[in-house]
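Enquirer: just to be clear, the model below is a prediction. Sequence and coordinates:
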Amino acid sequence: MIDYKEYITIEESVRFGKPCIKGTRISVYDVLSWLSSGQAESDIINDFPELTIAKIRACLAFAADKESKTRVA
């Protein structure tokens, strides 16, 4: 799995502390939303050239890591 910590940061002053891609104001949620709506990675990169495949996949890795730590009732 990709080391998402290399690409994702959480700063209170950026997007109200939401996890974002380092050096941008693009949140992990934004990327996941685009992917879930059917956008291809290449289309996302065309719209946001500051993104890369690695950064997009870091968002997926971040989400997977958070999901694996979710407690089951």
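Expert: Alright, I've got the coordinates.
Enquirer: the protein: strands as residue ranges?
Expert: Along the chain, counting by DSSP state E, strands occupy 8-10, 19-21.
Enquirer: mind listing the helices for this structure?
Expert: 28-36, 41-47, 53-68 (DSSP state H).
Enquirer: report the buried residues of the helix or strand of the chain with the lowest mean pLDDT.
Expert: Every helix and strand in the chain was compared by mean pLDDT, DSSP states H and E; the lowest is helix 53-68, with a mean of 95. Within helix 53-68, the residues scored as buried using 16 or more other C-beta atoms under 10 Å are 55-63. The C-beta positions use only the backbone N, C-alpha and C, and glycine is treated the same way.
Enquirer: which other helices and strands contact it?
Expert: strand 8-10, strand 19-21, helix 28-36, helix 41-47 (3 or more C-beta pairs under 8 Å, 6 or more residues apart in numbering; DSSP states H and E).
Enquirer: what does that helix contact?
Expert: Helix 53-68 is contacted from outside by 1-4, 6-8, 19, 21, 28, 31-32, 35, 41, 44-45, using C-beta atoms under 8 Å, 6 or more residues apart in numbering.
Enquirer: run the chain-centre distance for it.
Expert: 6 Å (C-alpha atoms, centre = their mean, to the nearest Å).
Enquirer: now the angle from it to helix 28-36?
Expert: Here the directions of helix 53-68 and helix 28-36 differ by 100 degrees (axes from the mean of the first three to the mean of the last three C-alpha atoms, to 10 degrees).
Enquirer: count the residues that sit near the residue lying closest to residue 11 once chain neighbours are set aside.
Expert: Closest residue to residue 11 apart from its sequence neighbours, by C-beta to C-beta, 6 or more residues apart in numbering: residue 17 at 6.9 Å. For residue 17, the neighbour count with other C-beta atoms under 10 Å is 10.
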